[in-house]
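*Asks:* coords below, sequence missing:
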DNA sequence: GATATTGCGGATCTATTTAGTCCGAGATAT
DNA sequence: ATATCTCGGACTAAATAGATCCGCAATATC
């Protein structure tokens, strides 16, 4: 059970975008250099957030990414599931109905007890992440952090390297 | 984020073993045929539970696996982590300290806010699974289930197929 | 209106993990 | 004592995720 390594990238990128002024954007190349990440791969991952409606992207010179809605309306769960999908890590393949010990269909009308408990755990995980928005994260950063992020991020010029 | 398919196998196998009489055992071959699973591969996975101290194995003719302690003292979390490991699905690689936007070390004494929230979610997941024991699972099965499981499972003779 | 910059999607290649198989060491009932 | 049955770990193949590259469409700037 492992989340893609890009999950960390996108959580941090989204946090950075949340610190920009309204209307301001940051390109994939800027974000990549800001965090020292492989630019092409990061760009591909950012697209997943756009497809999920969390970010909006503008093309052309001085284009880039911005949040598609207020930071308080974007949760960590939405970002994680945009990257990794929303499926539960435990997949019930109904082995209780296979083999010599197969249960009769009438006993399988209810969900398997084990699958139910695993689903409970997944629900607890999702609830925890759904309770944290990007605005909550920003509130925990030190005083001058947004200004610092903005100036460092937007100062990265294209064509470097 | 995906758990191995064998997680389901082992949860069900442990549940079956919990239904045996004290001292009774079931071999990997019996369990495999009971659930129609590839026997050698299942045997390999069962060893992980032995290494974790959840099952005890006896070799020789009429040997096999049994629970290493009472069903009420074995939780779903212990089984899942024996199969998949206990590590969190989210791994913080401290990208906040890399690249042009790297934070100064004095601001990184505390854990990254995002890593802390992801750890909270993992803790909620573990707590949910740790709250369910094999005895709890057995309590939800229909009336005659243990007797049925015992008779079907132990009736499987070696050398078949 | 030409150009450079940027996001977007597809095709491709590699590496890691997972799935599955095999054979040998050890223990026990006969 | 022996033959058989068991676990245990080493080994091989398939699947999945990670990562990269290239061409296309769109837009602000010159």
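*Replies:* Okay, I see it. Remember, it's a predicted structure, so these values are computed and weren't measured experimentally.
*Asks:* Quick check: the gap between residue A:130 and residue A:121.
*Replies:* Per CB to CB, to the nearest Å, residue A:130 is found 15 Å from residue A:121. All C-beta spots, glycine's among them, are computed from the backbone N, C-alpha and C.
*Asks:* wait, I meant residue A:40
*Replies:* For residue A:40, the distance to residue A:121 (CB to CB) stands at 36 Å.
*Asks:* Look at residue A:156 and say how many residues are nearby.
*Replies:* 18 (other CB atoms under 10 Å in any protein chain shown).
*Asks:* Report the secondary structure state of it.
*Replies:* For residue A:156, the assignment made with DSSP: H, G, I helix; E, B strand; the rest coil gives coil.
*Asks:* quick one, what contacts it?
*Replies:* A:29-30, A:33-34, B:100 (CB atoms under 8 Å, 6 or more residues apart in numbering or on different chains).
*Asks:* for those, which one is nearest DNA strand C?
*Replies:* Each of the contacts of residue A:156 was scored against DNA strand C by CB to the nearest atom of the strand, and residue A:29 proved nearest at 5.8 Å.
*Asks:* Sticking with the closest one, tell me its helix or strand.
*Replies:* Per DSSP states H and E, residue A:29 falls inside helix A:28-35.
*Asks:* That helix packs against which elements?
*Replies:* Packing contacts for helix A:28-35, counted by 3 or more CB pairs under 8 Å, 6 or more residues apart in numbering or on different chains; DSSP states H and E, involve helix A:6-17, helix A:39-51, strand A:64-67, helix A:145-154.
*Asks:* if we go to 6 Å?
*Replies:* helix A:39-51 (3 or more CB pairs under 6 Å, 6 or more residues apart in numbering or on different chains; DSSP states H and E).
*Asks:* now the angle from the helix it packs on to helix A:28-35?
*Replies:* 110 degrees (axes from the mean of the first three to the mean of the last three CA atoms, to 10 degrees).
*Asks:* Helix A:39-51: which residues count as buried?
*Replies:* Neighbour-count burial for helix A:39-51 flags A:42-43, A:45-46, A:48-49 (criterion: 16 or more other CB atoms under 10 Å in any protein chain shown).
*Asks:* what's the answer for stretch A:100-113, then?
*Replies:* Quick answer for stretch A:100-113 (16+ other CB under 10 Å): A:101-103, A:112-113.
*Asks:* Could you do stretch A:16-36 as well?
*Replies:* Counting neighbours by 16+ other CB under 10 Å, stretch A:16-36 gives A:16-20, A:25-35 as buried.
*Asks:* low pLDDT regions in chain A?
*Replies:* A:158-161 (pLDDT under 70).
*Asks:* how far away is the residue of it positioned farthest from its centre from residue A:58?
*Replies:* Most distant from the centre of chain A: residue A:100, at 43.0 Å, with distances by CA atoms, centre = their mean. As for residue A:100, its distance to residue A:58 is 61 Å (criterion: CB to CB).
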